[in-house]
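Chemist: sequence unavailable; structure follows:
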């Protein structure tokens, strides 16, 4: 085991749990006699390329660990920078900078695009005989990474969605008239977040009453028929839909409303499926209808974080350090589940084949009609949202840790 | 003091605190030797007209009081029914039904339109020698009722907004690039909810950086200049705007996007101010911009309720019972504030002149530039969001009380 410094970065979209993973890395690294300085890169590898490094041992004293764990988004800042496929120069420059700071262990917390970074850097290092270990730690509310039982961050987003849909369902049933509430939830291609709305139900006949996911082709005719059927049983229908639901021919339901802008990876911003359905319900069924998006709080509502998620997110960060010290490189840490009782262990997986792949909900976890999830999904997702954090408030609002403060 | 039964109803839009007020009425009435049965009307006076009554003493046992307090929206159901100005028949019918159930005390928890109901019913009762006391208890997240220091429900909505804007601000600052996040908050004519976003700041230079309210005419040119100015100091600009911001000529900023539908009181649904500003920021300034609406959770996020708000909401319900027993009728209960330390007492106010009036933010609580609130507003709103509820969770989601269960 060679001694040296380590560096950790955060990348991709924010979650409520990514700082818990950062805390796990810091704790693991600070506790190791084989690691000297624990560096953090500001704004992921984009900041690293500009040598924007911070000393995390100095920056985050142990008495601030609790606040770090409770802070959403990315304490170190994030980026959407992807290493080019056909140009080794940025990788070479990164290796030079890592060598300059005597860095032996590199941890990158992120989603699909970040795992691609780990794959490229570890490949480059191996090809050039560079003795630096590159370990990826997953993070995404979308839960769409392959190889891991679930992703850190998903449980907290799922808990926020379940709790919020439950509150919105209370709001939806106050009037004695036919209403349809349509809640749009994040998820372009994978319905994991929308499916989590099913956890809002705690009794027979609870809301949401219908759930539509991108995994099944959407039929407007069938949707209206489904709403009519539920309405015969209860006047206030609550529907959860993924932003990415699309028709059998591939057109997005929101397409008439999409503003057409794309992010820098070329992902199209989707939004408006709920508003589209709202209009059609009003026109076709004559019911009072309202569409709403749960929006950004889905990925940053740390005050409703799942303790299971934060504990696991912290553990997988610490496990990444342990495995890197043990020689692992070119790997992504993953969760392996044991059931009865639920428990997860953290294992390293070869990164090749993980990056740039996408995991959607198995068809058998969705009911035959394509308008709800099955008990198998509930059994899968239920443990992930358990446990409430004891959030520290000051002045009536949650206390967060800011790197700029 | 004449002995008899009482009835309580809820009306208008949901809040996170309206059931705390219901609980205050139930507790006060159950404790009084002068009140027999405590009835609840399902769906406000609309349900009362159909004799949809429930016995609250039987329905809500004391061991369920905690769950009732923690349940958002309206436990009894609500309505948007307004008594006609030119036809006494519905008022006469209501009085007949109240007499049939030997009801002496009538409590109506609601907003502006509900206070109008109290005004009409008490006027009718006085004119016709009917010995029933009508007491209104305010409730609205909008905080726009005159005569009361603030309204029950506002503090919880304000706390939700402050906490959520704080989390969104964490999310907004993760990238090392020029971004503008525009958060749209409820409020057609009064900016109380949007102004509460200022409570998200806990340090110098905290977000939101700019706040625009319906009380000040909106200038697109000045807005773009304001964003440019903030951007010179920090790359990630966070803006809070009321849905009802409008130009000097009275046009709503969202107007190009409003879908034009109106609710049954003729209120136009507003939405889209943030998206409009997002587009203009992107076009005119070239910054990455995103607009979002906080949406329905503003009025039903009971898991983030303010303990101060729920305590006061419960107290004003109990005070309504006390004053009704003391002979008050044709009144709305109101908060009177004492400062240093903050404390509110509950007093009855003559209802005439309160219904159908609207209270906006005093101009001196908004800064000269019209893009922020002053310390006077902070001093006013700060006490209202203090205190966190100990919410009971089961299965990872909050426990609520349902009248249908």
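Modeler: Yep, that arrived. Everything quoted here is computed from the prediction, not taken from an experiment.

Chemist: all helices for the stretch 1-150 of chain A, in order.
Modeler: Counting by DSSP state H, counting those that start in this stretch, one finds helices in the stretch 1-150 of chain A at the ranges A:18-31, A:44-49, A:56-59, A:65-69, A:89-100, A:112-127.

Chemist: report the contact partners of residue A:25.
Modeler: A:6, A:8, A:38, A:107, A:109, A:137, A:317, A:318, A:320, A:321 (CB atoms under 8 Å, 6 or more residues apart in numbering or on different chains). For the C-beta atoms, the positions are set from N, CA and C on the backbone; glycine is no exception.

Chemist: give me that answer again for 10 Å
Modeler: A:6-9, A:38, A:40, A:56, A:105, A:107, A:109, A:135, A:137, A:314, A:316-321, A:324 (CB atoms under 10 Å, 6 or more residues apart in numbering or on different chains).

Chemist: again with residue A:357
Modeler: Residue A:357 makes contacts with A:112, A:115, A:144, A:145, A:146, A:147, as judged by CB under 10 Å, 6+ apart.

Chemist: hmm, try it at 7 Å
Modeler: residue A:146 (CB atoms under 7 Å, 6 or more residues apart in numbering or on different chains).

Chemist: where does pLDDT dip in the stretch 1-150 of chain A?
Modeler: By pLDDT under 70, the weakly predicted segments of the stretch 1-150 of chain A are A:1-2.

Chemist: interface residues of it facing chain B?
Modeler: A:14, A:43, A:46, A:47, A:71, A:72, A:73, A:74, A:77, A:78, A:79 (CB under 7 Å from any CB of the partner chain).

Chemist: are any of those residues buried, and if so which?
Modeler: Taking 16 or more other CB atoms under 10 Å in any protein chain shown as the criterion, what is buried in the residues of the stretch 1-150 of chain A next to chain B is A:14, A:43, A:46, A:47, A:71, A:72, A:73, A:74, A:77, A:78, A:79.

Chemist: once you drop chain neighbours, what's closest to residue A:274?
Modeler: What sits nearest to residue A:274 in space, not counting adjacent residues and going by CB to CB, 6 or more residues apart in numbering or on different chains, is residue A:291, at 3.2 Å.

Chemist: count the residues that sit near that neighbour.
Modeler: Taking other CB atoms under 10 Å in any protein chain shown as the criterion, the count of residues near residue A:291 is 23.

Chemist: next, the angle from the helix or strand harbouring it to strand B:288-293.
Modeler: Element membership of residue A:291 [criterion: DSSP states H and E] is strand A:288-293. For strand A:288-293 and strand B:288-293, the angle between their directions (axes from the mean of the first three to the mean of the last three CA atoms, to 10 degrees) works out to 140 degrees.

Chemist: centre of the chain to the helix or strand following strand A:288-293, how far?
Modeler: Note on strand A:288-293: by DSSP H and E, the next helix or strand toward the C-terminus is helix A:297-300. If you compare the mean C-alpha spot of helix A:297-300 with that of the full chain, they lie 9 Å apart, counting by CA atoms, centre = their mean, to the nearest Å.

Chemist: the first helix or strand past helix A:297-300 going along the chain and chain B in contact?
Modeler: Going down the chain from helix A:297-300, the next helix or strand is helix A:307-325, by DSSP H and E. No - applying CB under 7 Å from any CB, one finds that helix A:307-325 is not in contact with chain B, the shortest distance being 8.6 Å.

Chemist: ok and helix A:307-325 relative to helix A:18-31, angle-wise?
Modeler: Orientation check (the same axes, to 10 degrees): helix A:307-325 against helix A:18-31 gives 40 degrees.

Chemist: tell me the mean pLDDT over helix A:307-325?
Modeler: Model confidence over helix A:307-325, given as mean pLDDT, is 98.

Chemist: other SSEs contacting that helix?
Modeler: Here helix A:307-325 touches helix A:18-31, strand A:133-138, helix A:154-172, strand A:331-338, strand A:343-350, going by 3 or more CB pairs under 7 Å, 6 or more residues apart in numbering or on different chains; DSSP states H and E.

Chemist: okay, buried residues for the fourth one please.
Modeler: Spelled out, it's strand A:331-338. A:331, A:332, A:333, A:334, A:335.

Chemist: let's have those residues in CSV, adding pLDDT and distance to chain B.
Modeler: What follows is those, written out as CSV (pLDDT from 0 to 100; distance: CB to the nearest CB, whole Å):
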residue, pLDDT, distance to chain B
A:331, 97, 25
A:332, 97, 21
A:333, 98, 22
A:334, 98, 23
A:335, 98, 18
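
Chemist: tell me the one of these nearest residue B:205?
Modeler: Nearest to residue B:205 among the buried residues of strand A:331-338, counting by CB to CB, is residue A:333 at 36.7 Å.

Chemist: I'd say that closest one and residue A:318 touch.
Modeler: No - judged on CB atoms under 7 Å, residue A:333 makes no contact with residue A:318 at a distance of 9.9 Å.

Chemist: who's in contact with the residue positioned nearest the centre of chain A?
Modeler: Among the residues of chain A, the one closest to the centroid is residue A:141, at 1.5 Å (CA atoms, centre = their mean). Neighbouring residues of residue A:141 by CB under 7 Å, 6+ apart: A:15, A:153, A:154, A:157, A:186, A:193, A:298, A:299.

Chemist: same check, this time on residue A:351
Modeler: Residues counted as contacts of residue A:351 (CB under 7 Å, 6+ apart) are A:115, A:118, A:119, A:122, A:136, A:330, A:331, A:332.
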